[in-house]
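Undergrad: Turn this into a model:
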Amino acid sequence: MEGVYPPAEDSILLAENQGVKPGEVVLDVGAGCGIQSVTAARKAEEVVALDPNPLAIANTWLNSVAYGVEEKVKTFLGTLNSIKKEEEERIFDLALMNPPYLPKEDWEPEEEFMWSTENPLGLYQSLSEMMAMGMIERSRFIVSSLTPVEKALELFREVGEVKILKEESYFFERIFLVEVK
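TA: Now for the predicted structure:
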């Protein structure tokens, strides 16, 4: 769907290595097209797909229907801060996240949701805060060499054990699959 981040190498790396266990409740942060939600729903009891882009939420829902997992996928239009308020009593077993991380330069406003961010560490900060609050037991996410990798990882060292599970290199970046528990 136009206006929604299409699956790329980073999305596939996370989708193939989610670590979802049967019966878990999963939070998909920045759901985009829904690749993580749909994949997680095959094992999870429930997936909460979170995105601030209404087109991404629609795309996630359509893909959950197309793949027959719509009963397990709950879409939520908003940010990590808004879900903290709305779902403050909820505990997620696992959070999955492949955040936008390209510098906010030369993007059209409708493309910003897909590719760029003004604060590349902001989503990592919010996710680590939710883990510190006990709302999220463990997480798996992508960090790109286009962001301050060490600063992103440092945010999580205070809340759990940080492990780089995989690393892949491309002509313009290196991406890391990180687990925190």
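Undergrad: chain center to stretch 163-175: distance?
TA: When distances are taken as Cα atoms, centre = their mean, to the nearest Å, stretch 163-175 is centred 17 Å away from the chain's centroid.
Undergrad: So for it, what gets flagged as buried?
TA: Residues of stretch 163-175 classed as buried: Ile175 (neighbour count, 16 or more other Cβ atoms under 10 Å). Heads up, the C-betas are built off the backbone N, CA and C, glycines and all.
Undergrad: Convert it to PDB, retaining C-alpha atoms only.
TA: The C-alpha coordinates for stretch 163-175 follow below in PDB (Å, rounded to 0.1, in the frame of the first residue of the first chain):
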ATOM      1  CA  LYS A 163      22.400  -9.600  23.000                       C
ATOM      2  CA  ILE A 164      23.000  -9.000  19.300                       C
ATOM      3  CA  LEU A 165      21.500 -12.100  17.700                       C
ATOM      4  CA  LYS A 166      22.400 -11.300  14.100                       C
ATOM      5  CA  GLU A 167      24.200  -8.700  12.000                       C
ATOM      6  CA  GLU A 168      23.900  -8.100   8.200                       C
ATOM      7  CA  SER A 169      25.800  -5.700   6.000                       C
ATOM      8  CA  TYR A 170      24.500  -3.900   3.000                       C
ATOM      9  CA  PHE A 171      26.200  -1.400   0.700                       C
ATOM     10  CA  PHE A 172      24.800   1.600   2.700                       C
ATOM     11  CA  GLU A 173      24.400   0.200   6.300                       C
ATOM     12  CA  ARG A 174      24.700  -2.600   8.800                       C
ATOM     13  CA  ILE A 175      21.700  -3.800  10.600                       C
END
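Undergrad: Contacts for that stretch next, please.
TA: 9-10, 13, 17, 140, 142-146, 176-180 (Cβ atoms under 8 Å, 6 or more residues apart in numbering).
Undergrad: Filter those residues down to the buried ones.
TA: Using 16+ other Cβ under 10 Å as the burial test, these include 10, 13, 140, 142-144, 176-180 as buried.
Undergrad: which of the contacts of stretch 163-175 lies closest to Arg157?
TA: Arg157 has its nearest neighbour among the contacts of stretch 163-175 in Val180, at 8.6 Å by Cβ to Cβ.
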